[in-house]
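S.K.: okay, here's the prediction I keep looking at, along with the sequence it came from:
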Amino acid sequence: MNIISTAEELTYPFVKYPETAQKLDDLAKSKKKVVLGTGVNPGFLLDTLPVVLSGVCQQVTSIRAERVVDAARMSLPFQRRIGAGLTTLEFERRVADTSVRHIGLPESIGLIALAMGWKVGEIQERIAPIVAEKNLESKFLKVQAGLVAGIRQVAKGILAGQELVVLDLRMYIGAQNPHDSILIEGVPSIDLTIKGGVQGDRATPAVVVNSIPRLESLEPGLRTVTDLPPPSARLNSIGEDRSVMLKTF
């Protein structure tokens, strides 16, 4: 069968896991099937969407994308993963053992570079706590002032000192002005902001389900979202048969 997964590393595994990626590619080709990693982030907002927007540009010199998420709207496992409620010292310890972090920013940079034909020489990534300036709370947690409210993670794709791709992700309880934004420097330049941001818990399964009909258009093997025609919500549109969407959810 064709395989579609939200495993973040699967969206662009060729640099971190080249041997595993090659094995998956060989196996999928031998079975004449497709293996694809996708999701909201990575998979759409910070990679596919900027690449699609670049289609109206004659020239692109850099891509910057920003995602600010109010973690109070998200699940408890999500809030734990961004370190909400920890001291800054414990936050640093959890970052070191990788239990606190977002997975996917280097993969998104790889996807953008692949689609744009850029050879990124270096990928830098920085993780820092966002500390609560006042008492905060969500449905699941109370965060006192001085404790960690969430995480800021920035990744940069650099070539010869030039920042070709910059991805800035901030996820914390009580985030002000949540949004998703993309700035493409080029001819013409593009500046797009989604006010309120995209709600990831709902958007993730939507991206997966809406991508399924597109898999048959791909050549067999381990593929990326840059190979995939942009998904649409055709099965969930007014007047369409919604049975497949609802059963899958």
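M.R.: Alright, I've got the coordinates.

S.K.: show me the strands in the protein, by range?
M.R.: Secondary structure of the chain (DSSP state E): strands at 3-5, 34-37, 59-70, 122-131, 136-137, 142-143, 148-159, 162-172, 179-187, 190-195, 221-223.

S.K.: next one: the second one to chain centre, how far?
M.R.: Taking CA atoms, centre = their mean, to the nearest Å, one finds strand 34-37 lying 16 Å from the centre of the chain it belongs to.

S.K.: what's the average pLDDT for it?
M.R.: On average, the pLDDT along strand 34-37 is 97.

S.K.: over to the fourth one?
M.R.: On average, the pLDDT along strand 122-131 is 96.

S.K.: so which residues of this protein form helices?
M.R.: All helices of the chain, identified by DSSP state H, fall at 18-31, 48-53, 76-81, 88-96, 105-116, 200-211, 243-248.

S.K.: in CSV: the strands of the chain, plus distance to T88 and mean neighbour count.
M.R.: Every C-beta, even on glycine, is put in place using the N, C-alpha and C of the backbone. Listed next are the strands of the chain as CSV, based on distance: least, CB to CB, whole Å; neighbours: other CB atoms under 10 Å:
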stretch, distance to T88, mean neighbour count
strand 3-5, 34, 17
strand 34-37, 33, 24
strand 59-70, 20, 20
strand 122-131, 5, 16
strand 136-137, 15, 17
strand 142-143, 12, 18
strand 148-159, 6, 22
strand 162-172, 13, 21
strand 179-187, 26, 17
strand 190-195, 30, 13
strand 221-223, 39, 21
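
S.K.: give me the most central residue, the chain.
M.R.: N41 (1.6 Å; CA atoms, centre = their mean).

S.K.: which residues touch it?
M.R.: By CB atoms under 8 Å, 6 or more residues apart in numbering, N41 lies in contact with R67, H102, G104, S108, L169, G200.

S.K.: ok, which pair from those is furthest apart?
M.R.: Using CB to CB, the contacts of N41 span at most 14.1 Å, a distance reached by S108 and G200.

S.K.: ok, back up a step: of the contacts of N41, which is the nearest to L218?
M.R.: Using CB to CB, S108 comes nearest to L218 of the contacts of N41, at 19.8 Å.
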